[in-house]
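Trainee: Task: produce atomic coordinates for the following.
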Amino acid sequence: MTSTNDEPNENSNKKVESESSSLSSSLSSSSSAGKEGMPSSALVGKEGMPSSALVKRNVFSDEEEIVVLNGLSDFWANGKNTSWADFHKFMEDRLPHLKRTQLSEKVRGLQEKYANAREKGSFRNFASNSHKATVFELSNKLWEHDEIIITRKKKKQRVDNHKENNKANETRQEALVDAKAQEIEEKLQQFNKEEIDFYLKKMELKVMCYQEIRSIFK
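Mentor: Now for the predicted structure:
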């Protein structure tokens, strides 16, 4: 009788364990699928905007670079405006997820890339219809007549200016030292002259005294 009552309980326990095991395995598989095969939509936010993680990395896609350059061209259609705040507001509808600093840094970066390519002539090696060629063409329309000082040139210029300032300071210091030395030399010469004059007068007085003494005893 006891064994008869235990059999249903054992069957019931086995059933619960089986269901728990099945549930755990399904949760485990869906969890691993979420980690390994995360869909691209998980990386974007509302309305296809990049997640905060991507924005913090300041990563721009090729398409976004084109949007930035075209946007700047449109923004300057009625004359160049150097206000980053105004440009950021102008681009809010096109790239609403970007911060003003990200946008300004990207424009500076594109400008420097253009300047490097223009200076070295590397743009001639860009494949036609490639992203690099498109970026260079759009950048050329924006900055073709501008004199762009590249960051590394700015650093070199600062170093050169620092060296020139140091050299100028050294020259001024040397001039001051020379002037002071000349002044001391002149004072020393004057002192020596006065000392010689004093010695000669002293000797002259001694001679006069000696002559007077001799005249007395004659």
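Trainee: where exactly do the helices run in the chain?
Mentor: 2-36, 52-56, 62-75, 84-90, 100-120, 131-143, 151-216 (DSSP state H).
Trainee: Take those helices and write them to TSV, including mean neighbour count and mean pLDDT.
Mentor: No exception for glycine: its C-beta is placed from N, CA and C like everyone else's. Below are these laid out as TSV (neighbours: other C-beta atoms under 10 Å; pLDDT from 0 to 100):
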stretch	mean neighbour count	mean pLDDT
helix 2-36	9	44
helix 52-56	12	44
helix 62-75	16	94
helix 84-90	14	94
helix 100-120	16	90
helix 131-143	17	91
helix 151-216	10	81
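Trainee: Restricting to C-alpha, output stretch 137-146 in CSV.
Mentor: Extracted in CSV, the C-alpha atoms of stretch 137-146 (Å, rounded to 0.1, in the frame of the first residue of the first chain):
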residue,chain,number,x,y,z
GLU,A,137,35.8,65.6,-53.5
LEU,A,138,33.3,67.0,-51.0
SER,A,139,36.1,68.3,-48.7
ASN,A,140,37.8,70.0,-51.7
LYS,A,141,34.6,71.9,-52.3
LEU,A,142,34.6,73.1,-48.7
TRP,A,143,38.3,73.9,-48.2
GLU,A,144,39.9,74.1,-51.6
HIS,A,145,40.9,77.8,-51.1
ASP,A,146,41.6,77.6,-47.4
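Trainee: Now do that stretch: everything it contacts.
Mentor: 66, 69, 70, 72, 73, 76, 110, 111, 113, 114, 115, 118 (C-beta atoms under 8 Å, 6 or more residues apart in numbering).
Trainee: Distance check, residue 198 against residue 205.
Mentor: Between residue 198 and residue 205 the computed distance is 11 Å (C-beta to C-beta, to the nearest Å).
Trainee: Ignore what I typed, I meant residue 215.
Mentor: Applying C-beta to C-beta to residue 215 and residue 205 gives a distance of 16 Å.
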